[in-house]
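Participant: I would like to see how this sequence folds:
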Amino acid sequence: MGAEIQFPHGFLAQLNSLETGFDDTAEEALEAAGEVVREVMAGRLDSVLVPDDRATGDLVGSLGVSPVKVDHNGDFDVKVGFREDRPDGQVNAKLANIIEHGRSDQNRPPRPFLRPTRNRSRKRAVAAMEGVLTRWVDKVTR
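Facilitator: A predicted model of the protein is given here:
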């Protein structure tokens, strides 16, 4: 003798509905987090540039968020970084590296902005992702 226990039909329907649209929602969540990181990085970079840098705004203006991609493990990711289409022919990654780590032969001290960006944006980026995911779960489980 035994007893059979089943999930209520409505609950199973809600669980099944969570599958539908998750990939699009995951992309939206990562885009929201990427935008938070981009904003913090732009502000941080602006704060470490000094007038003698001959800053044109091109570096800060080149910051962007990549399209969401799925890696070889099936994980979604997005990157925040610099476009390389500078009108003066300089390489943004090189300039960012010099700002971040300094350059002794040019008497340029390090002015870190990458690590502080990560530290200052982490909670806000996670909150942005959680907000997107919570709104989606609320929508599909109504």
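
Participant: so, low pLDDT: which residues of this structure?
Facilitator: The model of the chain has pLDDT under 70 over residues 1-18, 51-54.

Participant: can you do 80?
Facilitator: 1-21, 50-57, 85, 87, 140-142 (pLDDT under 80).

Participant: tell me where it has strands.
Facilitator: 63-65, 69-70, 76-77, 80-82 (DSSP state E).

Participant: mind putting those into CSV with mean neighbour count and distance to Leu114?
Facilitator: For the C-beta atoms, the positions are set from N, CA and C on the backbone; glycine is no exception. Below are those laid out as CSV (neighbours: other CB atoms under 10 Å; distance: least, CB to CB, whole Å):
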stretch, mean neighbour count, distance to Leu114
strand 63-65, 16, 12
strand 69-70, 12, 21
strand 76-77, 12, 17
strand 80-82, 19, 10
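
Participant: quick one, helices of the protein?
Facilitator: Applying DSSP state H to the chain gives helices spanning 9-19, 22-48, 58-61, 92-101, 114-140.

Participant: hmm, back to that, now render the strands of the chain as CSV, adding distance to Glu31.
Facilitator: Converted to CSV, the strands of the chain look like this (distance: least, CB to CB, whole Å):
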stretch, distance to Glu31
strand 63-65, 7
strand 69-70, 12
strand 76-77, 10
strand 80-82, 11
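
Participant: closest one to Leu45 among the ones you listed?
Facilitator: With CB to CB as the criterion, Leu45 lies closest to strand 63-65 of the strands of the chain, at 7.5 Å.

Participant: that closest one: how far from the chain's middle?
Facilitator: 9 Å (CA atoms, centre = their mean, to the nearest Å).

Participant: begin at 57 from here
Facilitator: Okay, using 57 as the starting number, the last item reads as strand 119-121.

Participant: output the contacting helices and strands for that strand.
Facilitator: Judged by 3 or more CB pairs under 8 Å, 6 or more residues apart in numbering; DSSP states H and E, strand 119-121 is in contact with helix 78-104, strand 136-138.

Participant: dump these to TSV, plus distance to Val196.
Facilitator: Shown next, in TSV, are the helices and strands packed on strand 119-121 (distance: least, CB to CB, whole Å):
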stretch	distance to Val196
helix 78-104	9
strand 136-138	29
